[in-house]
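turn this into a model:
(one chain, ligands or ions: 2)
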Amino acid sequence: MKIALIGYGKMGRTIEKIALSRGHQIVAKIDPVNGEDFTSPSLKEADVAIEFTRPETAFINYLECFRLNLPVVSGTTGWLERMDEIKALCEKGHTFFYASNFSIGMNLFFEINKRLAQLMNSQPQYEVSMTEVHHIHKLDAPSGTAITLAEGILENLSRKKYWELDKPSTGDVIGIKAVREGEVPGTHIINYISDVDEITIEHKVTSRDGLAFGAVLAAEFAISRKGFLTMSDMLKF
Ligand SMILES: NC(=O)c1ccc[n+]([C@@H]2O[C@H](COP(=O)([O-])OP(=O)(O)OC[C@H]3O[C@@H](n4cnc5c(N)ncnc54)[C@H](O)[C@@H]3O)[C@@H](O)[C@H]2O)c1
Ligand SMILES: O=C(O)C1=N[C@H](C(=O)O)CCC1
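Ligands and ions are numbered 1, 2, ... in the order given. Down below sits the predicted model:
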């Protein structure tokens with residue numbers, strides 16, 4: 001598979017390493033820091049684009065890839081208010097694979113989170129809250145993953161209706177605390193607290209290799225498919 005990397009930062013570089021180890025080729029590295037942009041002729045060779053950039057540039061990058069008829073795999077967070085426009089373009093024949101978190105472990109954790117929320121419907125004595133911890137360079141808060149986790153709770157725990165950033169959990173609100181410290185690659189903690197005990201589930205990224213591996217698998221999956229794709233389509237759980 002010939003891959004165009006859109007964004008050659010922490011994730012782009014890790015994806016390059018994993019893709020090469022799986023026998024793929026990197027034919028373009030589109031990043032202002034790398035001096036290569038969408039006019040690059042090498043983009044014509046690509047089978048797929050993998051996009052990890054910044055919230056404010058992601059949507060424009062997707063349109064550039066679609067203009068070149070490239071399927072896109074993206075994990076960029078913080079732009080999701082435009083997701084309906086992307087889904088509409090997918091209905092017209094484009095391919096877009098999105099995940100707020102490409103780690104296989106986190107996608108297992110998404111399922112555990114939903115099941116735990118379901119069980120808590122009959123246990124009103126527990127209050128739920130979430131904490132996410134990331135490196136100090138992260139531009140968006142809460143993380144895309146924390147939003148997916150909160151949505152998983154809201155869909156399954158009837159007493160909760162909204163999430164709010166940096167507010168305590170109370171009534172129908174799930175409070176999400178976003179912590180930025182050091183070079184933490186990504187930790188998500190969900191707490192259910194009663195007067196007598198506490199249940200905590202936690203997922204901690206210890207290497208970006210896991211995130212990059214999921215993105216490369218997604219590209220392998222996407223090149224032979226059309227439309228809007230997610231990790232649930234690929235992992236089938
Ligand atoms: N879904 C996931 O599994 C997952 C995992 C890690 C990071 N992320 C998200 O991916 C994004 C990137 O993360 P990162 O850690 O690689 O960030 P990073 O800051 O290390 O890299 C981003 C790169 O994008 C480049 N860039 C900026 N504008 C650009 C443009 N217009 N075109 C092309 N490149 C451009 C920057 O120069 C930089 O090299 C963030 O939104 C982050 O939240 C998602
Ligand atoms: O490092 C980041 O930035 C990450 N972003 C994603 C998010 O916002 O959930 C995934 C984890 C790492």
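
drop to CA atoms for contacts and neighbour counts, all remaining ones
OK.

mind listing what residue 95 touches?
Contacts were defined as CA atoms under 8 Å, 6 or more residues apart in numbering; by that measure residue 95 touches 70-72, 222, 225-229.

scan those and report the most crowded one.
residue 72 (28 neighbours; other CA atoms under 10 Å).

now what about stretch 199-208, what contacts it?
By CA under 8 Å, 6+ apart, the residues outside stretch 199-208 that reach it are 11, 14, 105-106, 109, 113, 185-193.

now that stretch: average pLDDT?
In this model, stretch 199-208 carries a mean pLDDT of 98.

what is the neighbour count of the spatially closest residue to residue 44 that is not a sequence neighbour?
If the residues on either side of it in the chain are set aside, residue 44 comes closest to residue 68, at 7.5 Å by CA to CA, 6 or more residues apart in numbering. Using other CA under 10 Å, residue 68 has 13 neighbouring residues.

what about residue 207, how many neighbours?
Look at residue 207: counted by other CA under 10 Å, it has 12 neighbours.

which SS state does it fall under?
coil (DSSP: H, G, I helix; E, B strand; the rest coil).

who does the host helix or strand of residue 3 pair with, and is each partner parallel or antiparallel?
Of the helices and strands defined by DSSP states H and E, residue 3 is found in strand 2-6. Using DSSP bridges, the strands paired with strand 2-6 in its sheet are strand 25-30 (parallel), strand 48-51 (parallel).

tell me where this structure has strands.
For the chain, the strands defined by DSSP state E occupy 2-6, 25-30, 48-51, 72-74, 95-98, 127-134, 162-165, 173-180, 187-193, 198-204, 227-229.

any bit of the last one sitting next to ligand 1?
So that's strand 227-229. No. No part of strand 227-229 sits close enough to ligand 1 to count as contact by CA under 6 Å from any ligand atom; the gap is at least 13.5 Å.
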